[in-house]
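# curious how this folds, go ahead:
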Amino acid sequence: MGKKIIAKHKRASYDYFLEEKFEAGLSLVGTEVKSLRAGKVSIAEAWVDIDKNGEAWIQNMTIPHYEFGNINNHQETRKRKLLLNKKEIEKLLHQVKAQKMTIVPTIIYFTGSLVKMEIALGRGKKDFDKRADKAKKDVERKLQQRDYS
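Numbers count the residues shown, from 1 in each chain. Okay, here's the model as predicted:
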């Protein structure tokens, strides 16, 4: 069973230093899964929050209405529960509180018939960090071009 990637958060590595990654399941309704199978989802504005009951929730992930759905279609930006075990949630909560890190969704994908999400602990980059990364990538790209010509 391979991964079938539905969507990536392309700016995540640009905006954050991504450190540790976790795989989490998603609790979804039927029309949400059908929209995901059609490849319709946006995780660019999404974030992960842990509530006082120790449950992880993804907020502001947009899954558009299923086009062939009926009146019982889902809400597009409702909060959805992430399925993580207790030790993972405790570790995430500790890192967020102690080291001022953010939980960033990076990839959403299918593993067989299951919808999974890769989340990462990220520390926000400053503007000078972003400029340094861009300069480094430009140098690497020029070196690659020089090797092929």
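# hmm, which helix or strand of this structure has the shakiest average pLDDT?
helix 12-15 (a mean of 78; mean pLDDT, DSSP states H and E).
# give me the next element, helix or strand, following that one.
Sequence-wise, the next helix or strand downstream of helix 12-15 (DSSP states H and E) is strand 16-26.
# what's next to that following strand, contact-wise?
For strand 16-26, contacts defined as CB atoms under 8 Å, 6 or more residues apart in numbering pick out 12, 56, 58, 80-84, 88, 92, 95, 101-102, 104, 106, 108, 114-125, 129. Heads up, the C-betas are built off the backbone N, CA and C, glycines and all.
# where's the residue nearest to Thr102 when sequence neighbours are not counted, which helix or strand?
Distances taken as CB to CB, 6 or more residues apart in numbering put Gly122 closest to Thr102, at 5.0 Å, once the chain neighbours are dropped. Gly122 belongs to strand 114-124 when assigned by DSSP H and E.
# could you pull out the buried residues of that strand?
For strand 114-124, the neighbour count (16 or more other CB atoms under 10 Å) marks Val115, Lys116, Met117, Glu118, Ile119, Ala120, Leu121, Gly122 as buried.
# mean confidence for it?
The average of the pLDDT scores along strand 114-124 is 87.
# what pairs with it, parallel or antiparallel?
Paired strands of strand 114-124, with direction, are strand 16-26 (antiparallel), strand 102-111 (antiparallel) (DSSP bridges).
# using CSV, write down the CA coordinates of it.
Extracted C-alpha coordinates of strand 114-124, given in CSV (Å, rounded to 0.1, in the frame of the first residue of the first chain):
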residue,chain,number,x,y,z
LEU,A,114,-7.6,5.6,5.0
VAL,A,115,-7.1,9.3,5.0
LYS,A,116,-3.9,10.3,6.9
MET,A,117,-2.3,13.6,7.6
GLU,A,118,1.4,14.3,8.2
ILE,A,119,1.8,17.0,10.8
ALA,A,120,5.1,18.6,11.9
LEU,A,121,6.4,20.6,14.8
GLY,A,122,7.6,23.9,13.4
ARG,A,123,9.4,26.9,14.7
GLY,A,124,8.6,30.1,12.9
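# tell me which helix or strand the nearest residue to Tyr14 once chain neighbours are set aside sits in.
Leaving aside its sequence neighbours, Tyr14 sits nearest to Lys130 (CB to CB, 6+ apart; 6.5 Å). Element membership of Lys130 [criterion: DSSP H and E] is helix 127-148.
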